[in-house]
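Chemist: Here is a sequence with its predicted model. Questions after.
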Number of protein chains: 2
Amino acid sequence: MSDYILHCFAQSGNAYKAALMLELSGADWKPEWVDFFNGATRQEGFREGVNEMGEIPVLVHGDLRLSQSGVILDYLVETLGTFGWETEAERREILRWILFDNHKLTGYTATLRFLRFIAKTGETDVVKWLETRATAAYAILNKHLDGREFVVGNKPTIADLSLCGYLYWPDEIGIDLSPYTNITRWLETLKALPGWQHPYDLMPGHPLPCA
Amino acid sequence: MSDYILHCFAQSGNAYKAALMLELSGADWKPEWVDFFNGATRQEGFREGVNEMGEIPVLVHGDLRLSQSGVILDYLVETLGTFGWETEAERREILRWILFDNHKLTGYTATLRFLRFIAKTGETDVVKWLETRATAAYAILNKHLDGREFVVGNKPTIADLSLCGYLYWPDEIGIDLSPYTNITRWLETLKALPGWQHPYDLMPGHPLPCA
């Protein structure tokens, strides 16, 4: 049995953050596919037994069961000793970007991509509004990456792995990343890390039967 | 000069999280009012010199300048020794709820309240959509609080202080909290902590001149 089991599905950028951390760190891990699009996470059994927040990813490690990608990444820094910080100041700066990611970058981007590409709601006011919020977050990240190779310090950390979670799907999100030249360069840098894989190759469930 | 300076304004629930932590802990602190509604955080001077994310709160403590309420709360646990954890498992559980708060509870609630009460956009599709997202988060928190006095463990922690940030403004948010009986009980419990104050009493800038 693998050391780490990750409840995930290919279309989840939040799960990808954890999967990428495990894979780039050479951990002994196995994905466990969750049938999200048929409502698995909305069922009582999942809420009661796996995650009361009804969200993916969930990491199982021995007796521990963890949810929220930011918590999982923090835990894996401790157990794997990779992509972490050297000082308390760096730890706080990493947490700051993970919070920004959850609230402003992934928060709006994931929902935008879900409505536009998966639920196919069309260009509603909600979709347009989410796009303005997502691009505001991209602008902040792009400016931050000016002259920086990575988000915090001079090596990749879990801040990078969190922030990039959805950004390898620009076509599905429907936002052209080319004006964000620092982001596109940084995504290429992460892509060049040994072991990098696209979310659709790293996790099961792609393509969707009905996509 | 006070030990801690908090850049804030009365209408910010995110700033309130930090202000409440400082006040309940008996810290020597002072609010520094930010003219958010006249665009102070959107100006280059603020972005370059105070916070590149263009957000409030910002905490200044000696040479340190911190942003993101979750980072500030984590830092204040360390320096004040209050509202923290006893074990690593508790620390992770607190972080899990702070991430949930930032993404799902405060994330949607704060924006809903801004559009409805401050920008007064009317009942647009975006407002209605945000309300469904906010109430989904309330349902998860309400269920979690069933049989629990506090969010994590058996004493108040920064998870409580984060999650309650916007919830003392139900009228401004426009969501009736009375069906969420565990949330309303928990808010009363927090309100009874010695030193508790409403955000409008704890931070400067209320009422808005044009509200």
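Modeler: Done, it's in.

Chemist: helix or strand right after the lowest-mean-pLDDT helix or strand in chain A?
Modeler: Lowest mean confidence among the helices and strands of chain A (mean pLDDT, DSSP states H and E): helix A:44-49, at a mean of 92. Later in the chain than helix A:44-49, the nearest helix or strand by DSSP states H and E is strand A:58-61.

Chemist: elements contacting whichever helix or strand comes after that next one?
Modeler: Under the assignment DSSP H and E, the closest C-terminal helix or strand after strand A:58-61 is strand A:64-67. Packing partners of strand A:64-67 (3 or more Cβ pairs under 8 Å, 6 or more residues apart in numbering or on different chains; DSSP states H and E): strand A:58-61, helix A:69-80, helix B:88-100. Where you see a C-beta, it was placed from the backbone N, CA and C, and this is true even at glycine.

Chemist: Name the residues of the shortest one that come out as buried.
Modeler: Neighbour counts using 16 or more other Cβ atoms under 10 Å in any protein chain shown place A:58-61 of strand A:58-61 among the buried residues.

Chemist: could those go into JSON lines alongside distance to chain B?
Modeler: JSON lines is the format used below for those (distance: Cβ to the nearest Cβ, whole Å):
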{"residue": "A:Val58", "distance to chain B": "11"}
{"residue": "A:Leu59", "distance to chain B": "11"}
{"residue": "A:Val60", "distance to chain B": "14"}
{"residue": "A:His61", "distance to chain B": "12"}
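
Chemist: which of those residues lies closest to A:Thr109?
Modeler: Distance to A:Thr109 across the buried residues of strand A:58-61 (Cβ to Cβ) is lowest for A:Val58, with 21.3 Å.

Chemist: pLDDT score for the closest one?
Modeler: Predicted confidence (pLDDT) for A:Val58: 98.

Chemist: Show me which residues of the longest helix anywhere in chain A are buried.
Modeler: In terms of residue count, the longest helix belonging to chain A (DSSP state H) is helix A:125-144. Using 16+ other Cβ under 10 Å as the test for burial, helix A:125-144 gives A:126-127, A:129-131, A:133-135, A:137-138, A:140-142, A:144.

Chemist: Would you mind naming what in chain A lies close to chain B?
Modeler: A:52-54, A:66-71, A:74-75, A:92, A:95-96, A:98-100, A:102-104, A:106-107, A:124-126, A:129, A:140, A:143-144 (Cβ under 8 Å from any Cβ of the partner chain).

Chemist: Next, A:Gly147: secondary structure please.
Modeler: Recorded secondary structure, A:Gly147: coil (DSSP: H, G, I helix; E, B strand; the rest coil).

Chemist: cool, and A:Pro31?
Modeler: strand.

Chemist: Mind listing the residues bridging to it?
Modeler: For A:Pro31, the beta-bridge partners are A:Leu6 (DSSP bridges).

Chemist: okay, now A:Asp28: neighbour count?
Modeler: 9 (other Cβ atoms under 10 Å in any protein chain shown).

Chemist: what's near enough to touch it?
Modeler: A:Asp28 makes contact with A:2-4, according to Cβ atoms under 8 Å, 6 or more residues apart in numbering or on different chains.

Chemist: Phi, psi for it please.
Modeler: When quoted as degrees, to the nearest 10, the phi and psi of A:Asp28 stand at phi -90, psi 100.

Chemist: how far away is it from chain B?
Modeler: In this view, A:Asp28 and chain B are 21 Å apart by Cβ to the nearest Cβ, to the nearest Å.

Chemist: same question, A:Pro31
Modeler: Distance from A:Pro31 to chain B, by Cβ to the nearest Cβ: 21 Å.

Chemist: Repeat that for A:Gly39.
Modeler: Per Cβ to the nearest Cβ, A:Gly39 is found 14 Å from chain B.

Chemist: count of residues packed around that residue?
Modeler: A count of nearby residues for A:Gly39, using other Cβ under 10 Å, gives 9.

Chemist: circling back to that earlier point, distance to A:Met21 for the helices and strands packed on strand A:64-67 - can I get that in TSV?
Modeler: Compiled in TSV, the helices and strands packed on strand A:64-67 are given as follows (distance: least, Cβ to Cβ, whole Å):
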stretch	distance to A:Met21
strand A:58-61	10
helix A:69-80	5
helix B:88-100	16
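
Chemist: Go through those and name the closest to B:Ala27.
Modeler: So among these, helix B:88-100 is nearest, using Cβ to Cβ, at 19.2 Å.

Chemist: picking up where we left off before, of the contacts of A:Asp28, which is the most crowded?
Modeler: Neighbour tally across those (other Cβ under 10 Å): the maximum, 23 neighbours, falls on A:Tyr4.

Chemist: Phi first, then psi, for that one.
Modeler: phi -120, psi 130.

Chemist: just checking, it touches A:Glu32?
Modeler: No. If you go by Cβ atoms under 8 Å, A:Tyr4 and A:Glu32 don't touch, sitting 10.3 Å apart.

Chemist: who touches both of those two?
Modeler: A:Val60.

Chemist: Domain boundaries for chain A, per the record?
Modeler: A:4-83+A:196-202, A:88-191 (automatic domain parsing).

Chemist: Contact partners for A:Leu20?
Modeler: Shown in contact with A:Leu20 (Cβ under 8 Å, 6+ apart): A:161, A:164, A:196-197, A:199, A:202.

Chemist: so how far is A:Leu80 from it?
Modeler: According to Cβ to Cβ, to the nearest Å, A:Leu20 and A:Leu80 sit 12 Å apart.

Chemist: Equivalent analysis for A:Ser25, please.
Modeler: Taken as Cβ to Cβ, the span from A:Ser25 to A:Leu80 is 5 Å.

Chemist: Ok, A:Arg65 next?
Modeler: Distance, A:Arg65 to A:Leu80, by Cβ to Cβ: 18 Å.

Chemist: Ok, A:Tyr138 next?
Modeler: 29 Å.

Chemist: Same check on A:Gly174?
Modeler: A:Gly174 is 34 Å from A:Leu80, by Cβ to Cβ.

Chemist: which other residues reach stretch A:176-185?
Modeler: Contacting residues not belonging to stretch A:176-185 are listed as A:138-139, A:141-146, A:148, A:167, A:170, A:187 [Cβ under 8 Å, 6+ apart].
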